[in-house]
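Q: build the 3D model from these lines:
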Amino acid sequence: MNYLYGPDRDYTDYAPGRALRGGAGRPNFPVRLALELYGRGAAALGRTPVRLWDPLCGGGSLLFAAALLGEPAPEWVLGSDADEGAVDLARENLALLTPEGCARRRAQIEEHLRAFGRQSFAEALGSLDRIAAQGRGVRAAAAVYDVFSGAAPDLPVRPNLVVCDLPYGDLVDWRGGAQAPGAAFLPAIGRHLEAGAVVVACMDKRQQLEAPGFVRLDRQQVGKRRFAVYQRK
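A: Below you'll find the model as predicted:
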């Protein structure tokens with residue numbers, strides 16, 4: 001696959017493990033691929049403002065990359081997940097889109113640097129400074145939310161672009177109330193989307209999404225992953 005929207009560069013500053021926080025059992029989504037998926041989705045949407053939703057957000061790294069580096073810059077990024085611990089982490093990471101969040105994170109890293117003196121903490125401060133200098137004023141929120149629950153409330157904003165990485169493999173499994181998530185996923189998120197909204201879903205090669213109410217616009221292989229682009233009818 002040719003990258004159209006994710007330049008070939010060093011993205012270390014924006015990956016969990018530096019300024020962003022990671023966690024055990026929370027796979028990190030590649031920053032360059034996040035930008036590529038966001039860019040393709042925004043191009044298919046064809047209009048702004050972009051209101052981005054990741055309904056399987058984990059620690060929020062995909063949303064963070066899109067908010068800080070994606071073109072065009074989204075107006076909103078919204079993360080949700082059925083895992084409360086993941087949402088707590090996503091909130092901390094998305095807070096780095098604000099000066100206040102960067103200040104809180106700086107205090108944490110400086111405390112670790114004083115206590116342990118590791119070079120990795122000094123490098124994390126450098127990453128944080130570069131992130132803080134790139135602030136765009138993108139609004140962000142994260143919430144505990146089971147997309148498969150018929151009782152789930154409406155979202156705080158109406159998204160027009162969804163970009164997400166489907167759970168697969170040994171590290172992450174589906175959570176929530178669906179017995180057949182591959183068949184239920186697009187209909188579940190579709191109730192929150194207006195006609196013309198775009199969904200970009202990344203998955204492993206074994207997964208299939210059924211798409212009633214959607215038209216598939218594209219499908220591409222990326223190493224061990226593949227992704228598909230859908231548009232709401």
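Q: tell me which residues are up against the biggest helix by length in the chain.
A: Secondary structure of the chain per DSSP state H: the longest helix is helix 99-116. Defining contact as Cβ atoms under 8 Å, 6 or more residues apart in numbering, one finds that helix 99-116 is touched by 19, 92, 94-96, 118, 121-122, 124-125, 128, 131-132, 135. No exception for glycine: its C-beta is placed from N, CA and C like everyone else's.
Q: just name the shakiest helix or strand of the chain by mean pLDDT.
A: helix 181-190 (a mean of 86; mean pLDDT, DSSP states H and E).
Q: alpha carbons of it, as CSV, please.
A: The C-alpha coordinates for helix 181-190 follow below in CSV (Å, rounded to 0.1, in the frame of the first residue of the first chain):
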residue,chain,number,x,y,z
PRO,A,181,-19.3,-8.5,17.1
GLY,A,182,-18.2,-8.7,13.5
ALA,A,183,-21.8,-8.8,12.4
ALA,A,184,-23.1,-6.4,15.0
PHE,A,185,-20.4,-3.7,14.9
LEU,A,186,-21.4,-1.5,11.9
PRO,A,187,-25.1,-1.6,12.7
ALA,A,188,-24.3,-0.7,16.3
ILE,A,189,-22.3,2.4,15.5
GLY,A,190,-24.5,3.2,12.5
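Q: now do the buried residues in that helix.
A: Applying a neighbour-count criterion of 16 or more other Cβ atoms under 10 Å, the buried positions in helix 181-190 are P181, A184, F185, L186, P187, A188, I189, G190.
Q: low-confidence regions, the chain specifically.
A: 24-25, 151-152, 168-181 (pLDDT under 70).
Q: can you show me the strands along it?
A: Counting by DSSP state E, residue ranges of the strands within the chain are 51-54, 76-81, 139-144, 161-165, 198-204, 214-222, 225-232.
Q: excluding its backbone neighbours, what's nearest D154?
A: Closest residue in space to D154, ignoring its immediate chain neighbours: H192 at 7.3 Å, by Cβ to Cβ, 6 or more residues apart in numbering.
Q: distance of the one you found relative to V50?
A: 15 Å (Cβ to Cβ, to the nearest Å).
Q: now do D8
A: Applying Cβ to Cβ, the value for D8 to V50 is 24 Å.
Q: more neighbours, those two?
A: V50 (23 against 7; other Cβ atoms under 10 Å).
Q: in this structure that one contacts A42, no?
A: Yes: shown here, V50 and A42 form a contact pair, counting by Cβ atoms under 8 Å, at 5.5 Å.
Q: what sits in contact with each of these two?
A: Joint contacts of V50 and A42 (Cβ under 8 Å, 6+ apart) are P72, L161.
Q: no more questions from me, cheers.
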